[in-house]
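Q: Based on what follows, work out the 3D shape:
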Amino acid sequence: MILFIISCTQKVNVVELAEQFAELECKAIMLKDKRYVLADRLREIEMDTVTNRKELDSLNKIIILTKQESLSLADSIKTQLDDLFTHHLKDPSDRVAFNNHLRKVIETKGCMLH
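A: Residues are numbered from 1 along each chain as shown. A predicted model of the protein is given here:
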């Protein structure tokens with residue numbers, strides 16, 4: 001979880017906040033992509049369920065865990081964004097700057113926004 005330590009009189013460092021938040025966003029993007037890859041693999045295995053039953057069961061467990069992790073991270077990101085926009089990025093120009101820098105950092109890290 002990202003900790004936002006900003007006093008009431010201190011100007012928000014949008015760049016720093018965006019860079020910290022990009023870590024969570026990248027992880028969420030990678031988890032979402034992993035879920036799609038796993039779903040594709042599941043469809044492949046289901047074509048031949050008799051011989052691949054063990055692999056199918058194992059893959060289903062991984063899919064469930066990945067989905068839980070992805071949804072939990074999405075909830076965490078939403079909560080942190082709500083807090084960030086409510087308490088620290090009240091000015092619309094700060095929000096725009098934050099979002100723009102966040103996209104730039106995510107692209108630099110090699111994460112793709114879908």
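Q: Can you report how many residues neighbour V12?
A: Look at V12: counted by other Cβ atoms under 10 Å, it has 19 neighbours. Heads up, the C-betas are built off the backbone N, CA and C, glycines and all.
Q: typo on my end, it should be H101
A: For H101, the neighbour count with other Cβ under 10 Å is 18.
Q: Does it fall in a helix, a strand, or a coil region?
A: Recorded secondary structure, H101: helix (DSSP: H, G, I helix; E, B strand; the rest coil).
Q: Which residue, other than its chain neighbours, is closest to it?
A: Excluding the flanking residues, the one nearest H101 by Cβ to Cβ, 6 or more residues apart in numbering is A18, at 3.8 Å.
Q: ok, and the helix or strand in this structure with the lowest average confidence?
A: helix 14-46 (a mean of 89; mean pLDDT, DSSP states H and E).
Q: For the helix or strand following that helix, name the packing helices and strands.
A: As assigned by DSSP states H and E, the chain's next helix or strand after helix 14-46 is helix 53-83. Applying 3 or more Cβ pairs under 8 Å, 6 or more residues apart in numbering; DSSP states H and E, one finds that helix 53-83 contacts helix 14-46.
Q: Mind giving me the packing neighbours of the helix it packs on?
A: With 3+ Cβ pairs under 8 Å, 6+ apart as the test, helix 14-46 has helix 53-83, helix 92-108 packed against it.
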